[in-house]
Every structure is written in C-alpha cells, then in structure tokens.
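Participant: turn this into a model:
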Amino acid sequence: MKKNYSLLFLLTLTALVAQAQTVWKNVQIGGTGFVTGIVASKTEANLKYARTDVGGAYRWDTGSNTWIPLLDWTSTGQVGYQGVESLAIDPQNNNIVYILAGTDYFNNGKTAILKSVDRGNTFTETIVTSQFKAHGNGMGRSNGERLAVDPNNSNVLFCGTRRNGLFKSTDGGSTWEKNSALPVTTTANDNGICFVIFDPNTVSGGSTQTIYAGVSRTGASNLYKSTDGGASWTAVANSTTAYMPQRAVLDSNGTLLITYADKEGPWNPGSGQIWKLNSTGTLTNITPAGVTKPFGGIDVDPANPQRIVASTMNTYLLQYTPSGGSGVYGDRFFLSTDGGTTWKDLVGTSGIKMMDNGCTWISGSSASIHWTGDIKFNPFNTAQASVVSGNGIFTCDDVNAVQTTWKFDAKGQEESVPYDLISIPSGPALSVIADYDGFRHTDVSVYASQYVPTMGSSTGLSYAAGNTNKLVRLGDKMYYSSDQGTTWTLTAAALKGNKGSTALSYDGTKMLHCPENANAVYYSADNGTTWTASAGVNFNTVPVSDPVTNNKFYVYNSGNGDLMVSTNGGSSFTKAGSAGSGGSKIIRSVPGKAGHLWIAKNNGGLIRTIDGGVTYTTPSAAVTAASAVGIGKAAPGASYPTVYIWGTVSGVTGVFRSIDQGLTWERVNDDLHQYGGTGNGNFVVGDMNVYGRVYMSTVGRGIVYGDSDPTLGVDDFGNPADGNELGIFVKPNPAKEYFEIKLPENTSDDSVKVTVYDVLGRILLQNSYEVQNNTVTILLNGISISKGVCIVTVKTSQGVYSSKVLKD
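Facilitator: Below is the predicted model of the structure:
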C-alpha cells in the first residue's frame, strides 16, 4: 500500500531552497540565420518543421506560435549536427521524423541519420560517416529534400548524397546500402543528388514504384526516374540540361513541378526556369513570362493542382520602401491559379507590406527576404504561404490579396553565430554576431534593437571598467560609444586590418585592436584618429585590460605560452611570465581585482594568476580540460566574483561555475542543453548584475543563457506563481524503489515524458510514462543517485516542470 509522503516532500523542498536549478533559454534576438527548408505534414494541420544551415532544426508549436529547437542536446562531438541537410516526416506516421545532419568542417565531417518517434523530443543516432557525409552549410543547402520516406512503406527510405550517390534503407533508417543503379555518384559542384521524391499513387508489393531524383549539374542529364522502386533509373528525356534542378514537388495528378537555376545557390545563381513533367513524360516550360531569374522554391496546393507558388533565388529586385527609408531589395514570389500558364507576381509594382511581428530589428533594410530557396503553402489553408530567407522565415496569411503582407515568423527560431558578449555592471548586456552586427539588451528575455549604424558582421566588443559608458565595437570598421551603446561614432582612421578583437583601458582613453589573422596589436590614444603598432607583439591574440590599473593591458601567446603586459596604454608589451602553451586566446580579468587573470588551458585545465602573469596556480585538479572561462557576479555572501567555464570536471563536460575561486565546481547545464559547445565565439560570460546567470556562445543556435533562481525549490521555468508547480512525493530510498509524481490538476495528458538527472546533469533515466489518476509512478530499478540528490523533470502539454529530490 502506497503512503502519502507530502510531509517528506515539504521537508525536502526546504532543504533544497539554496540548490535551485538552472534554466536555459535564448537571448532574444529573433532569426538572423539562413533557414534552408520547411517540411510540413500533409495529413495533420500545423505540424511542420524547419531546417537551418548552422542552427539545427525546429518544430512549430501552434499553441504558442513559436518554433521549438530540437537539437540542443548535441555535444561537442556532435556539433556538426547543427548543420541540417535534409528533413523528412514519415507520411504514414506523423510522430516519426528523420534528420540528415552533418557539417563538413566539424567532427571530421561526422554525419548521422537522426530518427525520432516522438516528433523530435528525442532522437536515436545512426552514424553513417563511413558511407556518406552531409554538409548542412554547403552550397546548394536550400535545395530539395535529399531524404525521403516511402509513403507506402515506412521501412523504406532513400537518401541522396553530395559525393557518394544514392542510398537506401529498408529498416527505417537503421542501416543503409548504396543504390548503384542511379548512374551519378558525385557532381563538379560537390552538391550531388539534391532531391528524392516518391509518387505515392504508384504502389506495388507494398512499396512505391515511381521515384524521381534531381542531380545538381548542367550539361548532362540531371533528372532521373525509376518505375521499379529504385531497382533501375532512366534519365528523363528532353529535360533541360542548361540549368540544374533546385527543388521539385508532385501534384495530385502525378505531375512533377521543378525549379531550375544555373548554379546550386544560394548566393551564386543568375538565371533559371520552371518546368513541369506529367505522368506520361510530357515536359512543359511554365516559367513566368519575361522572367529569366533563377528559381528556388516551389509548392502546389494539395487539393487543387492548378494553384502553384514559386520563388526566385538570389534575385535582388525592389520589394518595398519603408517609411523614411531607402528601398529594400530581395527575391520575388509568384502565384499561378492555372497550372503555370500565367503567374501573378506577389511583389509586383506596388511592392509588399512588411510586419516585424515584434522583432523590431528586422524593420528597414534588414527585412530583405532573400535566398528564398523554399516556399510552402500551408496544406490546410493554401491562402497562407511561408518562405525561407537568409535571416529567418516570413509568412503571408493571404497570397490572394491585391498587395501581400509578409510577417517575420521567427519567434523561437534563434539562429545567429555569436562572437562576443559583455555584461556591464549596472548596465545592459551587449553582443556582437555574424552578419547582423549585434544587439543592446536591457532585458535579454525580449527582443532588442540592432546597433545603428550597422556594418554586417561584428566580432569585437569592449567596455572601460572605470568608465562604463565608454564602449567600442569592431568589424570591418570600428565604432565607439559614450553612452553604453545607445549611439555610436565611427573612428576617423581606417583600421590596420579587419575584424578581430579589441580592448579599452580602465579609463576608456586607450583602444587596442588585434585584426583577425594578423600577428600584431595596434593602439590608439585618440578614439581611433590614428593607429600605431604595439611593440613586442608578433602573434594573434585577444587583448584584455586590467580592471583596476589604468593603461595596463595583457595579451596571451597561446603558441609559446608567454603572458605579455603593457603598462603604457598598449604602446609596448614585455613578458610577465609563462602560462604554458596551448590555451585559449581569450583570457579573463576579474572586476575589482588588479592583476587577477584566468586562462582556459584546453586539455591543460584551468589556471589563474593574481600578480599580473608572473606566477600561476591550478585551483582544482578536478578540472581536466577548459576551453572557455568567464567571470560573473559574486554569489550572495561571497567576496569574489563567480568563475564559469566550458570544460571537463571529474570526467563530465559542460558549463560549470565556482563561487570559491575555482576550488569546487557545480555543473549548471545538462545533457539536454549542450548546443554543440561554444562554437565560433568560444565564450562563457557571467552576468555582472544577476548572480547565477551565464551566457554561452554556440556554433549557430544564437546566444544561450542559464539562470539560477535560489528562491525556488520547484522550478517551472520562470512562472513560480502561475499555479503549475509540480509536487513530487517521494518514497524513502528512491534510488532503490520508485518516485510517485502528482501532476498539476489541469494536466490532461495520458502520458508524459520524465527525465531523471544526477547533480552533474547526466541523464540517469528518460522515458514516457502512463498517467493514472493524475499520478505517474517511476520505477528506478536500482539507479544510483550521487551525492544524495537527483533532479526530475516532467514534460506535459502544459509545460515542463522540475524539482530536486533528496535521497534518504
């Protein structure tokens, strides 16, 4: 007989108030990255996915009108999976979704077929690198879906590859064999087979017989057809070879509609066409009259084959002129209601209307809808269409309108490449990112303004510790601010090199700049009116200023281990001591502590100096690797700021913090929030105003941050007063028996997903469980809970709830 352990739970909660969880979210920017494809279910309304080139995959949540990220669990050994080359829903089972993931320059091109049976909540991983490699950020990345599931046999999948031809699976993606019948294995542009499409009406023996494959090449056959389930392939006679196929879609009559361009895209094509191939083999050119531009996306109304929507690609024509601004240029979208005989230009001479949908930075010139390699009808409301862009997704709710309106539809879709972030004491958090400059956030939970003037990619950012109003930011130019980034002034002199890193002296009067790929540092004492090379530096580095002593700077030579110091505002540097080679170039000074520096030594762990680099200590042998280190606000009652790392502690890799100067460490992320590691920016940065908040760069999932709330023993992701707190009633010795979870009264789910973590964030148990009488019982089967504590999270349709549980 089960007992009521509510009293035990209350005592446990009281004991754990100071051990609150860390909740991970995105700094709200919105979009900025290239969405390369949209895949929608044809049998379930509002079920759709989006894939991106460097920022993973997303599922649309219609209840919140938000995109939900699916690949945040990827480790550093799986960082390439953030490049999603293709995505496929099983037409017979909407719960099953497949992802072809891999990036050529990460993890030695490690490639996997990821399969989920619960709509992307969890995945199984089939590594296929030895057979073929994907490149989610390669040229042609917005071409059609290379991965396809047989609509009549869920066990059968085909996968087109860039360099190794066509592959087939007959066991639901678990194993793959090359289909050598297709005579093409590779193409000169390294884009290979760019789409695979089944005709569902051609079934025999339980499998689809007619299959089409597009090949990314010109001058030779590039459209192939099989009528025997892939056993043999024939080039489609008389199909154009002047252009290479981009995407294709099959209408309800079995007619294939194909877009073509002279290059694979997204930024290099200049011309193209649209063709259709009917089931008898007749080809018809249906390119909009007078339009010679390259085409990318195409879709057809599933209930009316006469209604077709298509998009150009890399076509910069006037889209609209914002009030008080200059014209915005981008791609064109076309609608046909007669099977492609005639087309309506949805941009036309009157232009389109734009809605920023609350994301204000997209207004103006940044709102260009470009690289539109995919466009999709809503299959259940074909007045609505969505189009991909180099900065996100845009949706038109009425393509039949005289003047169409397109809204920025990127809520939750955070796909930027961050380079740096600073948190100013008693001030805002400011960031710099690729392509779209960066943002000034006074509240990281809401969208913020982009810097003005803009300059594209910004890579460096710094503030003066003794004059926090003074900032510099760096890209192909340098700007400085005297009001914490509200306004910016361009430096007078041209830089000695582009991008790279920068630093300001304590009082803000001296600027340092180390250009990317340059073995030199330059300094200016007149707000960038003149620049002079610093003596003593002949290596690439990231300068940092002493936060107490004016005109004192440090640079670290990770090649030979020298820590160099300047005491004259950057005019010259001399060696202070040796920190040993092999560390990260990014070293951290400590606010209010003269001469205190922390250096992440990669496989050498973490070291520090308190005398300006003369001598060094290793605070903890438990830290065996550290690639990034950052400083944040001190814990309540602590006199020293919090130290954060991305590293390995006691054999576990993740984000850790120390509130006792590195002696002990606590992991603050978990296995579900790894993001592939710290990516290009390679930073972890503590917030200087909120204890327990840490920011982290990613390879393409934007800037993420973890928040710890020490006031809550039960954390339902930021809503402690909404009535959704989850009570966990625990039988004694839970590691040997079971947990009994009482769900909130408003929960209507028949089953919920439960995950149990240890204190280091490692998953001990993860499964879906049946709900009976609003209660879930979890048998632990002898799972060991280290240090007497485990963390239990429960995902319901109302949200995610979590609690810490104390073992007897």
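Participant: low pLDDT regions in the stretch 701-808 of the chain?
Facilitator: The model of the stretch 701-808 of the chain has pLDDT under 70 over residues 709-739, 758-762, 780-790, 798-808.
Participant: and for the nearest residue to residue 392 once chain neighbours are set aside, the neighbour number?
Facilitator: Nearest non-adjacent residue to residue 392, counting by Cβ to Cβ, 6 or more residues apart in numbering: residue 31, 2.9 Å away. (Glycine included, C-beta is placed from N, CA and C.) When neighbours are counted by other Cβ atoms under 10 Å, residue 31 registers 29.
Participant: can you show me the helices along this protein?
Facilitator: Ranges of helices within the chain are 6-15, based on DSSP state H.
Participant: outline the domain layout of it.
Facilitator: 259-404, 418-708, 714-807 (the TED database).
Participant: export those domains as a markdown table, with columns for distance to residue 173 and mean neighbour count.
Facilitator: A markdown table is the format used below for the domains of the chain (distance: least, Cβ to Cβ, whole Å; neighbours: other Cβ atoms under 10 Å):
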| stretch | distance to residue 173 | mean neighbour count |
| --- | --- | --- |
| domain 259-404 | 23 | 20 |
| domain 418-708 | 22 | 20 |
| domain 714-807 | 21 | 17 |
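Participant: show me what the residue nearest to residue 392 is bridged to.
Facilitator: Taking DSSP bridges, one obtains residue 414 as the residues bridged to residue 31.
Participant: surely it is in contact with residue 394?
Facilitator: No: judged on Cβ atoms under 8 Å, residue 31 makes no contact with residue 394 at a distance of 9.5 Å.
Participant: mutual contacts of these two, please.
Facilitator: By the contact definition Cβ atoms under 8 Å, 6 or more residues apart in numbering, residue 31 and residue 394 are jointly contacted by residue 408.
Participant: contacting residues for residue 620?
Facilitator: Taking Cβ under 8 Å, 6+ apart, one finds 605-606, 649, 658, 662-665 in contact with residue 620.
Participant: okay, it: pLDDT?
Facilitator: With respect to pLDDT, residue 620 has a value of 95.
Participant: go on, residue 335?
Facilitator: pLDDT recorded at residue 335 is 98.
Participant: next, give me the two most distant ones among the contacts of residue 620.
Facilitator: Spanning the widest gap among the contacts of residue 620 are 605 and 664, at 14.6 Å by Cβ to Cβ.
Participant: residue ranges for the strands of the stretch 601-750 of the chain, please.
Facilitator: Taking DSSP state E, counting those that start in this stretch, the strands of the stretch 601-750 of the chain run over residues 606-609, 623-632, 642-649, 652-658, 666-667, 684-686, 694-696, 704-708, 714-715, 727-730, 738-742.
Participant: so for residue 308, which of the ones you listed sits nearest?
Facilitator: strand 704-708 (39.6 Å).
Participant: list the beta-bridge partners for the closest residue to residue 158 other than its chain neighbours.
Facilitator: Leaving aside its chain neighbours, residue 158 sits nearest to residue 196 (4.7 Å; criterion: Cβ to Cβ, 6+ apart). With DSSP bridges as the criterion, residue 196 is bridged to residue 213.
Participant: low-confidence ranges, this protein, go.
Facilitator: In the chain, residues with pLDDT under 70: 1-21, 365, 709-739, 758-762, 780-790, 798-808.
Participant: one more pass at 80, please.
Facilitator: 1-21, 323-325, 364-366, 709-747, 756-766, 774, 777-793, 795-808 (pLDDT under 80).
Participant: from residue 375, how far off is the residue nearest to residue 392?
Facilitator: Going from residue 31 to residue 375 by Cβ to Cβ, to the nearest Å gives 17 Å.
Participant: likewise for residue 198?
Facilitator: Residue 198 is 21 Å from residue 375, by Cβ to Cβ.
Participant: one more: residue 114?
Facilitator: 25 Å.
Participant: what do you get for residue 476?
Facilitator: 33 Å.
Participant: need the contact list for the closest residue to residue 75 other than its chain neighbours.
Facilitator: Distances taken as Cβ to Cβ, 6+ apart put residue 674 closest to residue 75, at 5.1 Å, once the chain neighbours are dropped. Taking Cβ under 8 Å, 6+ apart, we find residue 674 in contact with 72-76, 654.
Participant: show the buried residues in the residues you listed.
Facilitator: 72-74, 76, 654 (16 or more other Cβ atoms under 10 Å).
Participant: beta partners of residue 35?
Facilitator: Under the criterion used (DSSP bridges), residue 35 bridges to residue 52.
Participant: report the contact partners of it.
Facilitator: Contacts of residue 35 (Cβ under 8 Å, 6+ apart): 50-52, 388-389, 392-393, 413, 415.
Participant: the closest residue in space to residue 331 that isn't next to it in sequence and residue 569, how far apart?
Facilitator: Of all residues not flanking residue 331 in the chain, residue 372 sits nearest, at 4.2 Å (Cβ to Cβ, 6+ apart). From residue 372 across to residue 569, the span is 50 Å (Cβ to Cβ).
Participant: next one: residue 301
Facilitator: Distance from residue 301 to residue 569, by Cβ to Cβ: 67 Å.
Participant: check residue 397 too.
Facilitator: 57 Å.
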